[in-house]
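In: A predicted structure for the sequence below; I have some questions about it.
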Amino acid sequence: MNETVKLARYRNTSYFVKYTGNGQERQYTWSGSKNGRPDIKAVPREVVDWLTMNTSCFDKGQLVIQEDDVIVNEIKDTIAEVDTYENNTNTKEDIEKLLGGNINKLKVELKKITVDSEKQFVIDVASDMKDNLTKGKLDALAEWMGVSADILFD
């Protein structure tokens, strides 16, 4: 059975994987999200299984599974750090909603994000919204990143 699974790249930077399995070598490339739309590619299920065993692309939220609940749950069962995967796979809309919401919730949710590329994605989205963010939220983002608010978006 040649089942395929849709994998999405939510972050705005590209990501590629060199799959080496079943005696073949193949490269898969996601160009990154554009205007909040994730780049989605359908790949064979054996590629997803190989990625789960040989990479940390799901644990670190580099790629996000876009499928029905049965397949997602099957694959999540093989991911070592499911919480890390879920906390580091935000869409642009998720981040905008978080930044536009309550500052205390923002601080709590930011603490859950542990992957540097996801942190940079949050800052990229915040940079687009910075004129609409309160000083408190800008200060919270700067503290979370460990930098001065003055240089956060430089």
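Out: Yes, it's here.

In: looking just at contacts, which helices and strands does the helix or strand containing residue 122 meet?
Out: According to DSSP states H and E, residue 122 maps onto helix 116-129. In this structure, helix 116-129 packs against helix 92-100, helix 135-145, with contacts taken as 3 or more Cβ pairs under 8 Å, 6 or more residues apart in numbering; DSSP states H and E. Where C-beta positions appear, they are placed from N, C-alpha and C, glycine not excepted.

In: Please pull out the lowest mean pLDDT helix or strand from this structure.
Out: helix 69-76 (a mean of 73; mean pLDDT, DSSP states H and E).

In: Now the helix or strand following it: buried residues?
Out: Counting by DSSP H and E, the next helix or strand C-terminal to helix 69-76 is helix 82-87. By neighbour count on 16 or more other Cβ atoms under 10 Å, the buried set for helix 82-87 is 84, 85, 87.

In: now, which of these sits nearest residue 27?
Out: residue 85 (22.9 Å; Cβ to Cβ).

In: ok, the closest one to residue 114 distance?
Out: 11 Å (Cβ to Cβ, to the nearest Å).

In: and the gap between the most centrally placed residue in the chain and residue 113?
Out: Residue closest to the average C-alpha location in the chain (Cα atoms, centre = their mean): residue 89, at 3.3 Å. Relative to residue 113, residue 89 is positioned 10 Å away (Cβ to Cβ).
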